[in-house]
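In: okay, sequence plus prediction incoming.
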Amino acid sequence: MPGTDRVFTPRISGVVPNERMIWTGGFSPVFKGVRTFELHPRPDGTTEFTMAERFSGLMIPLVRRSMPDFGPVFARYADDLRREAERARS
């Protein structure tokens with residue numbers, strides 16, 4: 001996690017080529033994080049990218065307040081992905 005000493009080591013737990021990829025980390029039922037990346041084709045030929053993360057487990061009530069804000073990291077990731085996709089297209 002940028003800006004902290006926290007390290008997350010998710011594993012790829014699902015892939016549908018050109019549609020979806022899922023990363024999973026943690027130890028169920030104690031703590032589990034699932035991040036989903038999806039591509040949605042649009043009628044105009046562009047692609048919408050969405051990314052979501054869900055946390056679950058017995059530890060969530062205890063650690064929720066100490067968890068970092070993933071919003072800026074998500075925004076940076078999406079922006080980097082957009083730039084690379086546009087660069088590859090040109």
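Out: Yep, that arrived.
In: wait, is Phe74 part of a helix?
Out: Yes: judged by DSSP: H, G, I helix; E, B strand; the rest coil, Phe74 forms part of a helix.
In: can I assume it is in contact with Phe37?
Out: No: judged on Cβ atoms under 8 Å, Phe74 makes no contact with Phe37 at a distance of 10.3 Å. Backbone N, C-alpha and C define where each C-beta goes, glycine included.
In: who's in contact with the spatially most central residue of the chain?
Out: Closest to where the C-alpha atoms of the chain average out (Cα atoms, centre = their mean) is Arg35, at 4.1 Å. Arg35 sits next to Pro10, Ile22, Trp23, Thr24, Met51, Ala52, Glu53 when contact means Cβ atoms under 8 Å, 6 or more residues apart in numbering.
In: inside strands: which ones of the residues you listed?
Out: Taking DSSP state E, the ones among the contacts of Arg35 that sit in strands are Ile22, Trp23, Thr24, Met51, Ala52, Glu53.
In: ok, the fifth one - contacts?
Out: Translated: Ala52. Arg35, Thr36.
In: out of the ones in strands among the contacts of Arg35, which are buried?
Out: Buried members of these, scored by 16 or more other Cβ atoms under 10 Å, are Ile22, Trp23, Met51.
In: Thr80 sits in which helix or strand?
Out: Heads up, residue 80 is Asp, not Thr. helix 71-89 (DSSP states H and E).
In: mean confidence for that helix?
Out: Averaged across helix 71-89, pLDDT comes to 88.
In: from the buried ones among the ones in strands among the contacts of Arg35, pick the one nearest Ala88.
Out: Met51 (19.0 Å; Cβ to Cβ).
In: what's opposite that closest one in the beta bridge?
Out: On the basis of DSSP bridges, Met51 is bridged to Phe37.
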